[in-house]
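Chemist: Pasting the sequence and the predicted model now:
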There are 2 protein chains.
Amino acid sequence: MTFEFSREAKQGMARAGVFHTSHGPIQTPVFAPVGTQATVKAVEQRELVELGASLILANTYHLHLRPGDDLIRDFGGLHGFMAWDGPILTDSGGFQVFSLGGLNKIDEEGVTFRDHLDGSLHRFTPEISIQIQHNLGADVIMAFDECPKPDDRAIVRGAVDRTHAWLTRCVEEHHRSGDLNRQALFGIVQGGIFPEMRAESAEFVCSMDLPGYAIGGLAVGESKPDMYAMIEHTTPLMPEDKPRYLMGVGSPEDLVHGVARGIDIFDCVLPTRVARNGAALTRQGRINMRNLQYATDSEPIEPGCTCYTCTHFSRAYVRHLVKVSEILGHQLLSMHNLHMLLNLMRELRAAILSGTFVEVAGAFLENYQTVRPEDQSTVFPIESV
Amino acid sequence: MTFEFSREAKQGMARAGVFHTSHGPIQTPVFAPVGTQATVKAVEQRELVELGASLILANTYHLHLRPGDDLIRDFGGLHGFMAWDGPILTDSGGFQVFSLGGLNKIDEEGVTFRDHLDGSLHRFTPEISIQIQHNLGADVIMAFDECPKPDDRAIVRGAVDRTHAWLTRCVEEHHRSGDLNRQALFGIVQGGIFPEMRAESAEFVCSMDLPGYAIGGLAVGESKPDMYAMIEHTTPLMPEDKPRYLMGVGSPEDLVHGVARGIDIFDCVLPTRVARNGAALTRQGRINMRNLQYATDSEPIEPGCTCYTCTHFSRAYVRHLVKVSEILGHQLLSMHNLHMLLNLMRELRAAILSGTFVEVAGAFLENYQTVRPEDQSTVFPIESV
């Protein structure tokens, strides 16, 4: 059934499942590459298929402004416009309004903001966000929420209240003008780094009968231990039989820690963004391909990796491309980095199915050097989850 | 036999043939995509194979400076370094020294110049250019020449004399330190737009027993009628049994006119460069994908085109990518533009083999709107060739 979430196995909080959409099943846990402007930067749609991406994300804020959601609707939604037949998720635009748009005015009704490129004035309300997402036609659409700085209690309080009021209006608008068999609306739990507000928000949001629920407002500046603690605190308060989506995460270690704490869906620009900065994700950690040590290195970025980049090109060649700013460098690193995360998720899923999640996740984290080594020692050991 | 040129058919001056290299045969006439820095910009090597590219070009000037030809030699030459198993051609670096490098000093011995990026001082001589090209290991390497402004008689005179003296030294150096079965050295005919100097240069250059000969110093600012006249004047002075290479050309119409005048090999950055500027090559002419008329256009760039871009994406989607400066726009347009030229060459070759070249070439030109329409009426009619 559309938007059914079949749970296949569980180990601790970690689950393996399948989320069914009208554009096919999504095997979870899953990482969704981000295609902000209806393209995953520097990666072709057929390459996303080759990489095994099953769900991709697109951004409502950007697409509403350019090329416009009316235009995309006329092309059969994002699926038709960008020629992607698989599942798509759109965010509500809220996060970008607050982070990118020149915020003009926020009131109980909605948000007025300026286009970050041309300065033109626009307005989002919960109803408008949902209507835009209907035009974009993604399989999963998100409630319009306020994503605040996570550590200011008063600000988070206001954001939680507004998020809840807006969720009610999003649900009403989706029921009024949407097609519930075609698009699944997910609610978003807010609450910053405050456990009691997270609990309150989880209770309210999950009281709505929705096909899935997200945790928002994390990975926005708080420490990794704080983030992991909030996930660990919140997921037990969310229903077992619905997919749980951690928005805007993440790095390889965050994916492992998220899965260990019961998250099913992730998205992040990280793999493609760091690629365009010349960095490769490997199982040993992130490496800067500009480093002189790779200049004469005939090994692939990750020996044994089965991606197009690693099966054909040396670190020396990729370094050369990065050093001379060739587009192919972006292409090869973006593909490799996406492959690394997508493959990691497949590996974690297989481990959950075979009952070896703790060993597999633990071995990965032990081998993986985070960018900030101080995080490594302070995170919860995987075994405790 | 390596570097044998088998002629298969001829119609007027137009020829169909096969040039044999140690990395496989090249069916001529052929267009060679340019991979200046050991990458055809925004196109993956497997995509070049898919597009049917048989010969690609790389630039000695750029690769000598970054990453260095010694490094490339240690990776098995360009074939190993960039993982391209097919034939490769390198230029001599001369053109870039004169056009890009901060030219410091030119004397009979060679040229001293500054790196256009870091200002460091370098020197090319005919011997050094050939040695660098030995390191790069391309199948076809080019003599070090001086490519002058084409319409100043005194300057062209000096350039022709220097080019001839340098050719002798290039041939000597290639015999001394090269592998004649692995790398074919082509000589370059200069002479600007002066018929008598073109004739003199063709006689001298073709008196050397080389596996192929090029026409240089065209498409550098002279009018199209002048260029076509020079090709038409020069090719009959070049041997029938060796491939003829027109350097740095070109546009779709120039390819047709070149083939009609007996050219076998072409190279140009045009298809990938105009792609990055947002333009598409079609059989009706070049179109600017930024134009508003494409905003809601659900047709592919070229209806009926079999490239990945046209079989999957609308003009509206490509326009969106171009307008918002997405890398995928460069990728999709580069692939389409290369496909257009490579396919045109296959079509011209088939026409020569079937004796329909005049009709096929004429029909193409009649349909094709050049960028500067005034050129269209002044070129020699294809039937006259």
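Modeler: Noted; the coordinates are in hand. Numbering: from 1, shown residues only, chains lettered A, B, ... in the order given.
Chemist: mind checking the end-to-end distance for stretch A:52-59?
Modeler: 21 Å (CA to CA, to the nearest Å).
Chemist: in that stretch, what's buried?
Modeler: A:53, A:54, A:55, A:56, A:57, A:58, A:59 (16 or more other CB atoms under 10 Å in any protein chain shown). Quick note: C-beta positions are derived from backbone N, CA and C, even for glycine.
Chemist: Excluding its own residues, what touches it? List them.
Modeler: With CB atoms under 8 Å, 6 or more residues apart in numbering or on different chains as the test, stretch A:52-59 has contacts from A:24-27, A:30, A:32-38, A:40, A:48, A:78, A:82, A:84, A:86-91, A:93, A:96, A:136, A:138, A:140, A:265, A:267, A:338, A:342-343, A:346.
Chemist: same thing with stretch A:281-297?
Modeler: By CB under 8 Å, 6+ apart, stretch A:281-297 touches A:252, A:271, A:274, A:278-280, A:301-302, A:314-316, A:318-319, A:322-323, A:329, A:333, A:336-337, A:340-341, A:364, A:367-371, B:67, B:71, B:74.
Chemist: Alpha carbons only: can I get the strand or helix carrying residue A:231 in PDB?
Modeler: Residue A:231 is part of helix A:224-234 when elements are defined by DSSP states H and E. Taking C-alpha atoms only, helix A:224-234 is exported to PDB below (Å, rounded to 0.1, in the frame of the first residue of the first chain):
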ATOM      1  CA  LYS A 224      27.500  16.300  18.100                       C
ATOM      2  CA  PRO A 225      27.000  14.800  21.600                       C
ATOM      3  CA  ASP A 226      24.000  17.200  22.000                       C
ATOM      4  CA  MET A 227      22.700  16.100  18.600                       C
ATOM      5  CA  TYR A 228      23.000  12.400  19.300                       C
ATOM      6  CA  ALA A 229      21.400  12.900  22.700                       C
ATOM      7  CA  MET A 230      18.400  14.700  21.200                       C
ATOM      8  CA  ILE A 231      18.000  11.900  18.600                       C
ATOM      9  CA  GLU A 232      18.200   9.200  21.300                       C
ATOM     10  CA  HIS A 233      15.800  11.100  23.400                       C
ATOM     11  CA  THR A 234      13.200  11.700  20.700                       C
END
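Chemist: what's the spacing between that helix and its chain's center?
Modeler: Offset of helix A:224-234 from its chain centre (CA atoms, centre = their mean, to the nearest Å): 17 Å.
Chemist: now swap in stretch A:104-118 and tell me
Modeler: Once both centres are worked out by CA atoms, centre = their mean, stretch A:104-118 turns out to sit 24 Å from its chain's centre.
Chemist: for the record, mean pLDDT for it?
Modeler: Average pLDDT, stretch A:104-118: 91.
Chemist: hang on, the earlier thing: now the two most distant members of the buried residues of stretch A:52-59.
Modeler: Farthest-apart pair in the buried residues of stretch A:52-59 is A:54 and A:59; separation 18.9 Å (CB to CB).
Chemist: Could you list the residues of chain A in contact with chain B?
Modeler: A:37-39, A:41-46, A:62, A:66-67, A:71, A:74-75, A:81-83, A:295-296, A:298, A:308, A:312-314, A:316-317, A:319-321, A:323-324, A:326-328, A:330-332 (CB under 8 Å from any CB of the partner chain).
Chemist: Would you map the strands across the stretch 151-300 of chain A?
Modeler: A:184-189, A:212-215, A:244-246, A:265-268, A:279-282, A:285-288 (DSSP state E, counting those that start in this stretch).
Chemist: Reformat those strands into TSV and put mean neighbour count next to each item.
Modeler: TSV is the format used below for those (neighbours: other CB atoms under 10 Å in any protein chain shown):
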stretch	mean neighbour count
strand A:184-189	28
strand A:212-215	26
strand A:244-246	28
strand A:265-268	24
strand A:279-282	23
strand A:285-288	16
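Chemist: Dump those into TSV; add mean pLDDT and distance to residue A:125 as well.
Modeler: What follows is the strands of the stretch 151-300 of chain A, written out as TSV (pLDDT from 0 to 100; distance: least, CB to CB, whole Å):
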stretch	mean pLDDT	distance to residue A:125
strand A:184-189	98	15
strand A:212-215	98	20
strand A:244-246	98	23
strand A:265-268	98	24
strand A:279-282	98	38
strand A:285-288	96	40
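Chemist: Can you lay out the ones you listed as TSV showing distance to residue B:211?
Modeler: Formatted as TSV, the strands of the stretch 151-300 of chain A follow (distance: least, CB to CB, whole Å):
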stretch	distance to residue B:211
strand A:184-189	65
strand A:212-215	65
strand A:244-246	62
strand A:265-268	54
strand A:279-282	41
strand A:285-288	44
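Chemist: between the ones you listed, which one is nearest to residue B:209?
Modeler: Of all these, strand A:279-282 comes closest under CB to CB, at 48.9 Å.
Chemist: Now find how far off-centre that closest one is within its chain.
Modeler: Worked out by CA atoms, centre = their mean, strand A:279-282 lies 18 Å from the chain centre.
Chemist: go on, stretch A:234-251?
Modeler: Taking CA atoms, centre = their mean, one finds stretch A:234-251 lying 11 Å from the centre of the chain it belongs to.
Chemist: rewinding a little: which of the buried residues of stretch A:52-59 fall in strands?
Modeler: Among the buried residues of stretch A:52-59, the members falling in strands (DSSP state E) are A:56, A:57, A:58.
Chemist: Can you tell me which of these comes closest to chain B?
Modeler: residue A:58 (12.0 Å; CB to the nearest CB).
Chemist: rewinding a little: which ones among the contacts of stretch A:52-59 map onto helices?
Modeler: In this view, the contacts of stretch A:52-59 that belong to helices under DSSP state H are A:48, A:78, A:82, A:96, A:136, A:338, A:342, A:343, A:346.
Chemist: Now the buried members of the residues you listed.
Modeler: A:48, A:78, A:82, A:96, A:136, A:338, A:342, A:343.
Chemist: Contact partners for residue A:344?
Modeler: A:31, A:252, A:255, A:256, A:364.
Chemist: For the second one, grab the count of nearby residues.
Modeler: By other CB atoms under 10 Å in any protein chain shown, the residues close to residue A:252 number 24.
Chemist: re the thing from before, would you reformat the ones in strands among the buried residues of stretch A:52-59 as TSV and include distance to residue A:115?
Modeler: What follows is these, written out as TSV (distance: CB to CB, whole Å):
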residue	distance to residue A:115
A:56	24
A:57	21
A:58	18
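Chemist: From these, pick the one nearest residue B:132.
Modeler: Taking those together and measuring to residue B:132 by CB to CB, the closest member is residue A:56, at 44.4 Å.
Chemist: Quick check: bridge partners of the closest one?
Modeler: residue A:88 (DSSP bridges).
Chemist: show me where the stretch 251-385 of chain A has helices.
Modeler: Taking DSSP state H, counting those that start in this stretch as the test, the helices found in the stretch 251-385 of chain A are A:252-260, A:270-276, A:308-312, A:315-323, A:327-354, A:357-367, A:373-378.
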